[in-house]
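Chemist: Just a sequence and a predicted model for now, questions to come.
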Amino acid sequence: MHLTVFCTAAACLLLTAPAAAAGSAFMTGTQNPYGLDASHPGSPEAAMVTNWGTNYDRFQGFDAAVFSGGYDFIYIEGSDVASSEFTTFMTSHRGALENYIIGGGRAFINAARTDGSGTPLNVGFGVTFAPGGLGQASASATVSEINDLGSRGAGTFWTGTGGQFFANEIIIGAEVEEVAGNAGTVFGWGYTFAISSGGYLFWGTQTAPAFHSDGGIALRVNELCRAGGGMACDDISTPVPEPQSWALMIVGFGLVGAALRRRTANTLTWSFGRVTTG
């Protein structure tokens, strides 16, 4: 009786615990982003290596199979050299990305499209990459969130070097939290798209860290850390447990308490019976 109750409570508590990481993936176009491979300290993939080491799968060429691969986290890097590939891929497989997020996945989509099309691109859940520019500023994000991204040497003032843009496009069409930088959106996130499943979508329109001011690579490391949920690094921004998680925890603790009360009551009844019949 008691064992059954305790096992039920334990099951409820286990449901609130983070699931074991099933793996992470990095995906880019048929060419390395900006011609830089993972060994280049200023490449987008170098930030992936900093967080995950070699413990991630690499997709050279956009492939929708990544969304059904059982990954907890996917980093999609469009870069400039893959602008057309990225646009075509996202247009064709936006539904697959949305289903992945709804199913509980986490994804960070970054692209610095320079194909000159000037066409807005809906990457899912109404998040649209669009041509345009913003001055160096923070938009929507709180000071603490900006400081999180600026930790570990990244700083909180990001711009391009040598005249290059730091970010190429802005984000429109959705209520989002975002940080804006030189010419566009540095990093944005949306937690509420699939809150019941724990799915999160993060996005950015940044160039390679090699083209950033000091701290560019540290910023990308922090972004991946946050987007990946701290799976491979110290999480710089742990989300508050979702309402359904709190509910399961309360139920679990309640069942444990009820079991203890029944056990105490049974013990007292048994002892009293011995005294009166002795």
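Modeler: Yep, it's here.
Chemist: helix, strand or coil for residue 130?
Modeler: Classification of residue 130 using DSSP: H, G, I helix; E, B strand; the rest coil returns strand.
Chemist: For it, which residues are in contact?
Modeler: Residues near residue 130 by Cβ atoms under 8 Å, 6 or more residues apart in numbering: 120-121, 169-173. C-betas here are computed from N, CA, C, even on glycine.
Chemist: And residue 190, how far from residue 98?
Modeler: With distances taken as Cβ to Cβ, to the nearest Å, residue 190 is found 12 Å from residue 98.
Chemist: Of the two, give the one with the bigger neighbour count.
Modeler: Neighbour tally, residue 190 and residue 98, criterion other Cβ atoms under 10 Å: the higher count belongs to residue 190, 23 against 18.
Chemist: what's the next secondary structure element after the helix or strand hosting that one?
Modeler: Here residue 190 sits within strand 184-194, counting by DSSP states H and E. Using DSSP H and E, the next helix or strand after strand 184-194 towards the C-terminus is strand 199-204.
Chemist: would you turn the contacts of residue 130 into CSV with neighbour count?
Modeler: CSV is the format used below for these (neighbours: other Cβ atoms under 10 Å):
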residue, neighbour count
120, 14
121, 20
169, 25
170, 21
171, 26
172, 15
173, 13
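Chemist: Among the residues you listed, which one lies nearest to residue 78?
Modeler: residue 121 (9.4 Å; Cβ to Cβ).
Chemist: Could I get the contacting residues of that closest one?
Modeler: 87, 90-91, 113, 128-130 are the contacts of residue 121 under Cβ under 8 Å, 6+ apart.
Chemist: top of those by neighbour count?
Modeler: Most surrounded of these: other Cβ under 10 Å gives residue 129, at 30 neighbours.
Chemist: roughly how far apart are that residue and residue 92?
Modeler: In terms of Cβ to Cβ, residue 129 sits 16 Å off from residue 92.
Chemist: Equivalent analysis for residue 182, please.
Modeler: In terms of Cβ to Cβ, residue 182 sits 31 Å off from residue 92.
Chemist: Then residue 233?
Modeler: 32 Å.
Chemist: With neighbour numbers in mind, choose between these two.
Modeler: A side-by-side neighbour count of residue 233 and residue 92, using other Cβ under 10 Å, places residue 233 first with 17 against 11.
Chemist: Let me know whether the more buried one touches residue 49 as I believe.
Modeler: No - taking Cβ atoms under 8 Å as the definition, residue 233 is not a contact partner of residue 49, at 11.7 Å.
Chemist: where do the strands sit along the stretch 151-278 of the chain?
Modeler: 169-172, 177-181, 184-194, 199-204 (DSSP state E, counting those that start in this stretch).
Chemist: and the shortest one, average pLDDT?
Modeler: What it means is strand 169-172. Computed over strand 169-172, the mean pLDDT rounds to 83.
Chemist: Residues contacting that strand, please?
Modeler: 111-113, 120, 127-134, 178, 180, 184-185, 188, 203, 205.
Chemist: One more pass at 10 Å, please.
Modeler: Residues from elsewhere that reach strand 169-172, judged by Cβ atoms under 10 Å, 6 or more residues apart in numbering: 111-114, 120-123, 126-134, 139-140, 178, 180, 183-185, 187-188, 190, 203-206.
Chemist: Drop anything exposed from the residues you listed.
Modeler: 111-114, 121-123, 127-132, 134, 139, 178, 180, 183-185, 187-188, 190, 203-206 (16 or more other Cβ atoms under 10 Å).
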